[in-house]
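>>> Return atomic coordinates for the entry below.
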Amino acid sequence: MKITMPLIGILLVLSVSGCEGDKPAVKEEVVAKEPENVNLVTLEPEKMHHIKIGKPTLINIADKLQAPSQVEVDEHRLVRVGANVTGRIIDVYAMLGDNVEAGVELARISSPELTQAQLAYLRAFSLETLAEKAAERARHLLAADVISVAEMQRRESELQVSRAELGAAADQLRLLGMDSRALSKLGKDGTIMPSVAIKSSKPGIVIERNVAMGQVVQPSDLLFQVADLSSVWVVGDVPEQIARHVQVGQHVEIHVNVFARLGAAKNVMPQFPSL
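This is a model prediction of the structure:
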């Protein structure tokens, strides 16, 4: 009896232990958190009126280049006016800032060369008149069988030479600044003009004047510059190392300090010379 009792106690303990091991294990339930949406932006209600909603579009993003520039006159709208003959300025009519039309007199010049050219024109005009009359008489004499055909041809040849010399003298006066009306008056009246006008060939504004009364000038001297300022150029000094990034059709913003209050001129199509 003493041996049996402890064994029964041990069996009971094992039986209890075995029953506890058969119980199902309690699984720990883990709730996975949803991942944060990095593309979601939440704004406070008071800031919503600053937001504008629209459809997304693709645009090209480029670096902004800044280059010093200056406003210049359009070379296609600029006229450089000089004297056609060496002489002395006797009158100046145009001043800086004047708006002039094409053909308006800017100044007047007197020149000995102009006088000699007019004398040459008068001599050629007289010779041409005499040659024309001689050719006309020769036609009548040939019809009356008084002179030969060879004599008639000689006088006709002299008339052609006289006309060519008169045309050359007239062209010389036109180069010196005389117009057709002045040439016609010179041939009709025979009065030599003491001076000739210096005119602008195109309309515009006088942006430069380098002449004064009494000044002796030559054809190589620049006396006036007349420009049409309705369209001007903006020339930018782009460094050579970034010039490859500049292309025709790019968006350009021009900031002029004088007109800063009026805003910047935008959407200008740049024009660049070949590098």
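
>>> Relative to the whole chain's centre, how far out is the longest helix seen in the chain?
In the chain, taking DSSP state H as the definition, the longest helix is helix 112-143. Computed by CA atoms, centre = their mean, to the nearest Å, the chain-centroid distance of helix 112-143 equals 50 Å.

>>> for stretch 93-113, same thing?
Distance, stretch centre to chain centre, for stretch 93-113: 26 Å (CA atoms, centre = their mean).

>>> what does stretch 165-173 give?
In terms of CA atoms, centre = their mean, the centre of stretch 165-173 is set 38 Å apart from its chain centre.

>>> neighbouring contacts of that stretch?
Applying CB atoms under 8 Å, 6 or more residues apart in numbering, the set of residues contacting stretch 165-173 from outside is 117-118, 120-121, 123-125, 127-128, 182-183, 186. No exception for glycine: its C-beta is placed from N, CA and C like everyone else's.

>>> any idea which of those residues is closest to Ala135?
Closest approach to Ala135 among those (CB to CB): Glu128, at 10.5 Å.

>>> Go ahead and confirm that closest one touches Ser162.
Yes: Glu128 lies in contact with Ser162 (CB atoms under 8 Å); the separation is 4.1 Å.

>>> follow-up on the earlier one: tell me the helix or strand right after the longest helix of the chain.
Counting by DSSP states H and E, the next helix or strand C-terminal to helix 112-143 is helix 149-175.

>>> if we can go back for a sec, and the longest helix of the chain, what's buried?
Within helix 112-143, the residues that count as buried by 16 or more other CB atoms under 10 Å are 114, 117-118, 120-122, 124-125, 127-128, 131, 135, 138, 142.
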